[in-house]
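*Asks:* model this:
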Amino acid sequence: MKLIIFPIVFILISLGAADLPVSYYQAMSNMNTVDTLCVKNYDAGASVTESYTDFEHLDKETEVTSRSLNTSYDENDNSAGNATLEVHMNSNVVGKAHVAWQSRDILPDKAGRHAVYSLAGEDLTGVFSIEKFIQLWSNSTIGSVGPNWLPCS
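*Replies:* Next up is the predicted model:
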């Protein structure tokens, strides 16, 4: 009988010693959660940022397609060719979110600055869902891309 009780008591003492201090659990519950994605396509002059912070729940599905095709096949050609940046995002969040995009001229002006064609930013806090499709193309016409077209050059 004593042989059976000794291993049980030893196991209980070992489990009690394995508990971590209260400060560990407090620190773990106060962690700041961050999930950030930033994609830039320099040939299209386009960038997109998707960032989630201080979230309790994040269910996110993001698909990014970035293409750069220079149709002239000339290494010295600085034109945009056919460049695209497309982002499909779908998320359910309890926390904070920041979604932004920008399109700009790929060639600098005489002062060395790039003209910004358009930019948008959205900051959200609380319980929400985000479903967005962002499509930034360069060197295209409205008829060739579709109704959600936004020119980059």
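*Asks:* what comes up buried for the helix or strand containing Val64?
*Replies:* Here Val64 sits within strand 46-69, counting by DSSP states H and E. Neighbour-count burial for strand 46-69, counted by 16 or more other Cβ atoms under 10 Å, picks out Ala46, Ser47, Val48, Thr49, Glu50, Tyr52, Phe55, Lys60, Thr62, Ser66. Where C-beta positions appear, they are placed from N, C-alpha and C, glycine not excepted.
*Asks:* so how far is Glu122 from Phe55?
*Replies:* To Glu122, Phe55 is 16 Å away according to Cβ to Cβ, to the nearest Å.
*Asks:* that older thread, between the buried residues of strand 46-69, which is nearest Cys38?
*Replies:* Sorting the buried residues of strand 46-69 by distance to Cys38 puts Thr49 at the head of the list, at 4.7 Å, by Cβ to Cβ.
*Asks:* ok, that closest one - contacts?
*Replies:* Counting by Cβ atoms under 8 Å, 6 or more residues apart in numbering, Thr49 touches Thr36, Leu37, Cys38, His98, Val99, Ala100, Trp101.
*Asks:* Next, the angle strand 46-69 makes with the helix or strand encompassing Glu122.
*Replies:* Secondary structure from DSSP H and E places Glu122 in strand 116-137. Going by axes from the mean of the first three to the mean of the last three Cα atoms, to 10 degrees, strand 116-137 is angled at 50 degrees with respect to strand 46-69.
*Asks:* Output strand 116-137 as CSV, restricted to C-alpha atoms.
*Replies:* Once non-C-alpha atoms are left out, strand 116-137 reads as follows in CSV (Å, rounded to 0.1, in the frame of the first residue of the first chain):
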residue,chain,number,x,y,z
VAL,A,116,0.4,60.9,-55.7
TYR,A,117,-2.7,60.1,-57.8
SER,A,118,-4.9,58.8,-55.1
LEU,A,119,-4.7,57.4,-51.6
ALA,A,120,-7.3,56.1,-49.1
GLY,A,121,-7.1,55.0,-45.5
GLU,A,122,-9.6,53.4,-43.1
ASP,A,123,-9.3,52.9,-39.3
LEU,A,124,-11.8,50.6,-37.5
THR,A,125,-12.3,49.7,-33.9
GLY,A,126,-14.7,47.2,-32.4
VAL,A,127,-16.5,44.1,-33.8
PHE,A,128,-16.6,44.3,-37.6
SER,A,129,-16.1,42.5,-40.9
ILE,A,130,-14.0,43.7,-43.8
GLU,A,131,-14.5,42.6,-47.4
LYS,A,132,-12.5,44.5,-50.0
PHE,A,133,-11.2,44.1,-53.5
ILE,A,134,-8.5,46.7,-54.4
GLN,A,135,-7.2,46.7,-57.9
LEU,A,136,-4.4,49.1,-58.9
TRP,A,137,-3.2,48.9,-62.6
